[in-house]
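Visitor: Following is a predicted model, sequence given first.
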Amino acid sequence: MRTLIAATAALAGAAILSTAATSADKTPKPMMKTQDIHIRDPFILPVRKEKKYYMYGTTAMVRPKGGFATYVSSDLKEWEGPIDVFVPYEHVYGRSFEDMRRRVPDLTKVNRAVGFKPETSLDRLLELTIRETCVQMGLPVPVSATAA
């Protein structure tokens, strides 16, 4: 399950970054050398269609606001970034904002109103999403998502 969630997050992140890179500020940013990037647990996602690499990593030990950052490269030597793809909840909404993390989704009202009951498990939905996203992006499909 953790692998599926990580893969889904990575694929979604690549799509978000791709969109952000084309619609965001066009001001050129200085490129960083690989050895100058300080993140923990780095993960590199190649996106063949874009001929780019997306490097993800945690920043809690090296940046005051913590979170999760991404860098973008076309050659694995020079990187644009950091681009924040996850910032801790309290840095976005403040400590007094409504605590969404403790809510538990409940489909009871939907079931009563229209008779809807989910028939596909979360694990299966993630497998299908990962498989379809990999196929669309021209990436290898992870073994856990190959059963169609």
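Guide: It's in. Numbering: from 1, shown residues only.

Visitor: mind checking the SS state of residue 127?
Guide: helix (DSSP: H, G, I helix; E, B strand; the rest coil).

Visitor: distance of it from residue 95?
Guide: Counting by C-beta to C-beta, to the nearest Å, the gap from residue 127 to residue 95 is 37 Å. To be clear about C-beta, it is placed using only N, CA and C from the backbone, and glycine gets the same treatment.

Visitor: With residue 69 instead?
Guide: 22 Å.

Visitor: Mind checking which of those two has more residues around it?
Guide: More neighbours sit around residue 69 than around the other of residue 69 and residue 95, counting by other C-beta atoms under 10 Å; the figures are 21 against 8.

Visitor: What's opposite the more buried one in the beta bridge?
Guide: residue 57, residue 84 (DSSP bridges).

Visitor: cool, and residue 53?
Guide: Under DSSP bridges, the residues paired with residue 53 across the bridge are residue 46, residue 73.

Visitor: I'd say it and residue 45 touch.
Guide: Yes. Here residue 53 lies in contact with residue 45, judged by C-beta atoms under 8 Å, at a distance of 7.0 Å.

Visitor: all strands of the chain, in order?
Guide: Using DSSP state E, the strands of the chain run over 32-33, 40-47, 52-58, 68-73, 78-86.

Visitor: which one of these lies closest to residue 132?
Guide: Shortest distance between residue 132 and these, using C-beta to C-beta, is found for strand 40-47: 15.6 Å.

Visitor: Tell me the buried residues in the closest one?
Guide: Under the neighbour-count criterion of 16 or more other C-beta atoms under 10 Å, strand 40-47 has 43, 45, 47 buried.

Visitor: and it, average pLDDT?
Guide: Taken as a whole, strand 40-47 has a mean pLDDT of 90.

Visitor: try stretch 82-100
Guide: pLDDT averaged over stretch 82-100 gives 71.

Visitor: please renumber so the chain begins at 25
Guide: OK, 25 is where the count begins now, so the last one is stretch 106-124.

Visitor: Before I go, just wanted to say thanks for your time.
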